[in-house]
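**Student:** For reference, the sequence and a predicted model appear below.
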Amino acid sequence: MLKELLEARLAPALKAAGAPEGSPVALTVSTKAEFGDYQMNGAMGAAKRLKRPPRELAEAVLAAADLNDLVSEASIAGPGFINLRLRETVLEAELEAFETDVLAPSAAAADAHRVVIDYSSPNLAKEMHVGHLRSTIIGDALARCFAHGGWTVLRQNHVGDWGTQFGMLLAFLNSLEADEGDRAAEAELADLEQFYRRAKARFDEDPAFAALSRETVVKLQQGDPACREAWQRFIDVSLSHCEALYRRLQVTLTREHVHAESAYNDALPGVIEALRDQGLLTQSDGAQCVFLDEFTGKDDAPLPLIVQKSDGGYLYATTDLAAVRYRCTTLKADRALYLVDKRQGLHFKQVFAVAAAAGFITGPCSFEHMPFGTMLGEDGRPFRTRAGDVIKLADLLDEAERRAAALVAEKNPALGAEARTEIAKAVALGAVKYADLSKHRSNDYVFSWDTMLSFDGNTAPYLQYAYSRIQSLFSKAGLAPESLKASVKLEAPQERALALVLLRTEEVLQQVRDQGLPHLLCTHLYDVATAFTAFYEHCPVLSASDADTQGSRLALARRCGATLRQGLELLGIPVVQRM
Ligand code: ARG
């Protein structure tokens, strides 16, 4: 990593210049290319602590630093920034093994760290809808990025399969079976959304049915075999709907990653007991609650986390406390990431704080809610159909494919129908996922067909297109990319700029994992594609002046293509050879 190369020289120099032990080098990418490639900001912070003039400390750092073989220019600017420009020979050397060292998954680090990623996690009472799209897409991209970085990834699909709605749904299923027969009841389950709506309507208008629903929940939770069996059938149907979508979305979740709310059922009494033992429980209005000083509501009134209702029932929070314990103790996670809507922010703050107070978090495991905002329609309101219904994911993807097929046909009319369909599928999937991934996840984002399917700007089609252009470069050269032996020699400024961006890939992937922000990878790939476009415009490849130049340029293009392919794959987006 370029950054590490520089840091290894700058850290001792900072110390030699008199900075306190452990002072951060604070190396960042230069804000402007004219300044250099990287800038060190750490001299200013250290000078402040030493009460020394920052520029003077910066001078001392440069005097002490052994940078000559790495850097061609080093200068001090402003209040004490150190600007650094790397030597081309360093970039060329780093590019040699770039594809194997950076782009290939790092086997060396395998099993070093364990990360739990809680994502998708729909409620099985209903069909998965666009609200779960964000968690699924962002979580899956993170899972891929962590796996690529050598982490052991423990995917946890914390599906909602327990709780009061299930009483209603099972009572409804039973009544359908009694009235219409098993077959008809099965058929009704094909449309879960509809099924839920009908059950709910019945629940609201028929008091006898409502009472039956409540009895059914109790029976279910007590383990009544017939109830459990009907429930299991219901869950299976619902999960198979989810799985069909995962496959279509090319999401890596499978049945083995489902660790449903019901799986924690037996652990819930133990959670309450442990909280009681720790002296954390308070009875309030008949319910068992935990009050922590740091949580207050309106008028500074203490805010409880309710863990058991007065009727003895457990809550969402109780299950999450059990899940924290499980993830820490059984799964031995170093980090646990929760990809859940930002409206659940307080819930997770409370759960993590209570879990810590209760001693459920043992060892250095860090629990992190990674919130995301709402998906909005172009009218700025939550994304819905014209009739105001929630949009089903499957319908959304159908529409994406229709639109993509029309676009691909327009762009490349010569394509046969089969090729067009395949490309349209990749473009549609890429567009929908990338539109979501490319924005900072905690913001709301506006779902717009035209923007996401555009071939210009920071979109998946633009990146997929850049990749396919590189592939066609090789096919025009009559060369299989892997057979190329040439090394990169950097001459034109556009070549250097492209090399520099490519060599930042590892740094970016590290940031994506540290902060759980896949949009950083999107921005990076967009920078790669933009740098490639500039290179391609200024540096002829197929009509290069000599064979060496052509070889070097092809070698650079190959690394660029490999970065786009690998980067898109980490985002869960396929590439195509031609478009
Ligand atoms: N099923 C929940 C929902 O749809 C999300 C669960 C998130 N994960 C968790 N451990 N609470 O709102």
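**Tutor:** Everything's here; your move.
**Student:** on contacts alone, who are the packing partners of the helix or strand of the chain with the lowest mean pLDDT?
**Tutor:** Ranked by mean pLDDT, DSSP states H and E, the helix or strand of the chain with the weakest confidence is helix 182-189, at a mean of 82. Using 3 or more CB pairs under 8 Å, 6 or more residues apart in numbering; DSSP states H and E, the elements in contact with helix 182-189 are helix 164-180, helix 192-205, helix 225-248. Every residue, glycine included, has its C-beta placed from N, CA and C.
**Student:** And what about whatever residue of the stretch 351-500 of the chain ends up closest to the ligand, helix, strand or coil?
**Tutor:** Closest approach between the stretch 351-500 of the chain and the ligand, counting by CB to the nearest ligand atom: Val351, at 8.1 Å. Secondary structure, DSSP: H, G, I helix; E, B strand; the rest coil: Val351 is helix.
**Student:** Show residues contacting the least confident helix or strand of the chain.
**Tutor:** 173, 176-177, 194-195, 198, 234, 237 (CB atoms under 8 Å, 6 or more residues apart in numbering).
**Student:** so the residue of the stretch 351-500 of the chain closest to the ligand touches Leu305, yeah?
**Tutor:** Yes - using CB atoms under 8 Å, Val351 makes contact with Leu305 at a distance of 7.0 Å.
**Student:** for the closest residue in space to Lys489 that isn't next to it in sequence, helix, strand, or coil?
**Tutor:** Closest residue to Lys489 apart from its sequence neighbours, by CB to CB, 6 or more residues apart in numbering: Ser552 at 4.4 Å. At Ser552 the chain is in helix, as set by three-state DSSP.
**Student:** Pipe the helices and strands packed on helix 182-189 into a markdown table and attach mean neighbour count, mean pLDDT and distance to Leu124 per row.
**Tutor:** Formatted as a markdown table, the helices and strands packed on helix 182-189 follow (neighbours: other CB atoms under 10 Å; pLDDT from 0 to 100; distance: least, CB to CB, whole Å):
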| stretch | mean neighbour count | mean pLDDT | distance to Leu124 |
| --- | --- | --- | --- |
| helix 164-180 | 19 | 90 | 8 |
| helix 192-205 | 16 | 91 | 8 |
| helix 225-248 | 17 | 92 | 4 |
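**Student:** Distance to the ligand added to those helices, as CSV?
**Tutor:** Converted to CSV, the helices and strands packed on helix 182-189 look like this (distance: least, CB to the nearest ligand atom, whole Å):
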stretch, distance to the ligand
helix 164-180, 12
helix 192-205, 14
helix 225-248, 12
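**Student:** could I get these as CSV with distance to Arg513?
**Tutor:** Formatted as CSV, those follow (distance: least, CB to CB, whole Å):
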stretch, distance to Arg513
helix 164-180, 36
helix 192-205, 35
helix 225-248, 23
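**Student:** who wins for proximity to Asp456 among these?
**Tutor:** Nearest to Asp456 among the helices and strands packed on helix 182-189 is helix 225-248 (27.1 Å), distances taken as CB to CB.
**Student:** continuing past the closest one, what's the next helix or strand?
**Tutor:** Using DSSP states H and E, the helix or strand that follows helix 225-248 in sequence is helix 268-277.
**Student:** which helices and strands does that next one pack with?
**Tutor:** Applying 3+ CB pairs under 8 Å, 6+ apart, one finds that helix 268-277 makes contact with strand 287-296, strand 302-308, helix 316-325.
**Student:** and the last one, how far out from the chain's middle?
**Tutor:** What that stands for is helix 316-325. Computed by CA atoms, centre = their mean, to the nearest Å, the chain-centroid distance of helix 316-325 equals 23 Å.
**Student:** just the second one next, same as before
**Tutor:** Using CA atoms, centre = their mean, the distance from the centre of strand 302-308 to the centre of the chain it belongs to is 31 Å.
**Student:** so for that strand, what's the average pLDDT?
**Tutor:** Taken as a whole, strand 302-308 carries a mean pLDDT of 96.
**Student:** For that strand, which residues meet the burial criterion?
**Tutor:** 304-308 (16 or more other CB atoms under 10 Å).
**Student:** any chance of those in a markdown table, with distance to Gly160 too?
**Tutor:** What follows is the buried residues of strand 302-308, written out as a markdown table (distance: CB to CB, whole Å):
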| residue | distance to Gly160 |
| --- | --- |
| Pro304 | 22 |
| Leu305 | 18 |
| Ile306 | 17 |
| Val307 | 17 |
| Gln308 | 18 |
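**Student:** Identify, from these, the entry nearest to the ligand.
**Tutor:** Closest approach to the ligand among the buried residues of strand 302-308 (CB to the nearest ligand atom): Leu305, at 13.2 Å.
**Student:** That closest one is in contact with Cys289, isn't it?
**Tutor:** Yes - with contacts counted by CB under 8 Å, Leu305 reaches Cys289, the gap being 6.5 Å.
**Student:** Quick check: which ranges of the protein have low pLDDT?
**Tutor:** For the chain, the stretches with pLDDT under 70 are 105-111.
**Student:** re the thing from before, neighbours of the residue of the stretch 351-500 of the chain closest to the ligand, just the number please.
**Tutor:** For Val351, the number of neighbouring residues by other CB atoms under 10 Å comes to 26.
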